[in-house]
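**Q** Provided below for reference: sequence and predicted model.
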Amino acid sequence: LIDTNLTYARMEREEFHANFESINLYSWFTNELDNLRFLAQNIEFETHNQLLENTFGEIDLKLMPYAVRNLIRNAFKYAQNKVKAQVLLENETLIFIVEDDGIGIDDADKKRIFSAFTRLDRSRDRQTGGYGLGLAITKRAVYLHAGEVYAEDSALGGARFVLRFPQYQKNPRST
């Protein structure tokens, strides 16, 4: 909690710049998803890395892992039986999609959930924990990558989160 609060406060109060590094994105996403597999427990975790093995790009190795891990952990929290994650590249834009078969998100809440300290349902607080900062930090991390993150309905029946950002950081942002 303290680390999450400090991370969010730092991103909100200071002019924050991402530190981009050129990496093999195929390997990075494969490793991230494999390392999170143990959290699935009794949830079926289907992954699809559609990048070519020699796909390179630029990310901040502190910020982007937080964003990806947070979306996967949230999907595991709310899924009933299945979580699906995929990464693909379209026109030099990386697209990371996470969806689950949980209860989903009301249309009225799909933008609001990215605001700090937002929890959608009090009964879910006790069941799943959390302080409503994860998606706010995810949004900031993706913003600093000149990208966007948004929620939709999933074909699996629950929520679908889409994270999009440029493969190469030509015009990175600061907060």
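**A** Okay, I see it.
**Q** can you name the element that comes right after the lowest-mean-pLDDT helix or strand in the chain?
**A** None of the helices or strands of the chain scores lower by mean pLDDT, DSSP states H and E than helix 122-128, at a mean of 42. Next along the chain after helix 122-128, taking DSSP states H and E as the criterion, comes helix 134-144.
**Q** report how many residues lie close to residue 73.
**A** Residue 73 sits with 16 neighbouring residues when counted by other C-beta atoms under 10 Å. C-betas here are computed from N, CA, C, even on glycine.
**Q** correct me, but it touches residue 40?
**A** No - the pair residue 73 and residue 40 fails to qualify as a contact (C-beta atoms under 8 Å) at a distance of 10.3 Å.
**Q** surely residue 51 and residue 25 touch.
**A** Yes - judged on C-beta under 8 Å, residue 51 makes contact with residue 25 at a distance of 5.7 Å.
**Q** between the two, which contacts overlap?
**A** Residues touching both residue 51 and residue 25 (C-beta atoms under 8 Å, 6 or more residues apart in numbering) are 87, 89.
**Q** and whatever helix or strand residue 94 lives in with helix 134-144, angle?
**A** Using DSSP H and E, residue 94 sits in strand 93-100. Going by axes from the mean of the first three to the mean of the last three C-alpha atoms, to 10 degrees, strand 93-100 is angled at 170 degrees with respect to helix 134-144.
**Q** strands of the protein, residue ranges please.
**A** Taking DSSP state E, the strands of the chain run over residues 20-24, 44-49, 56-60, 82-90, 93-100, 148-153, 159-166.
**Q** now tabulate those in CSV and tack on mean neighbour count and distance to residue 141.
**A** As requested, the strands of the chain are exported to CSV (neighbours: other C-beta atoms under 10 Å; distance: least, C-beta to C-beta, whole Å):
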stretch, mean neighbour count, distance to residue 141
strand 20-24, 14, 12
strand 44-49, 16, 20
strand 56-60, 20, 7
strand 82-90, 19, 16
strand 93-100, 21, 12
strand 148-153, 16, 9
strand 159-166, 21, 9
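**Q** these into JSON lines, with extra columns for distance to residue 139?
**A** Listed next are the strands of the chain as JSON lines, based on distance: least, C-beta to C-beta, whole Å:
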{"stretch": "strand 20-24", "distance to residue 139": "18"}
{"stretch": "strand 44-49", "distance to residue 139": "23"}
{"stretch": "strand 56-60", "distance to residue 139": "14"}
{"stretch": "strand 82-90", "distance to residue 139": "18"}
{"stretch": "strand 93-100", "distance to residue 139": "14"}
{"stretch": "strand 148-153", "distance to residue 139": "6"}
{"stretch": "strand 159-166", "distance to residue 139": "10"}
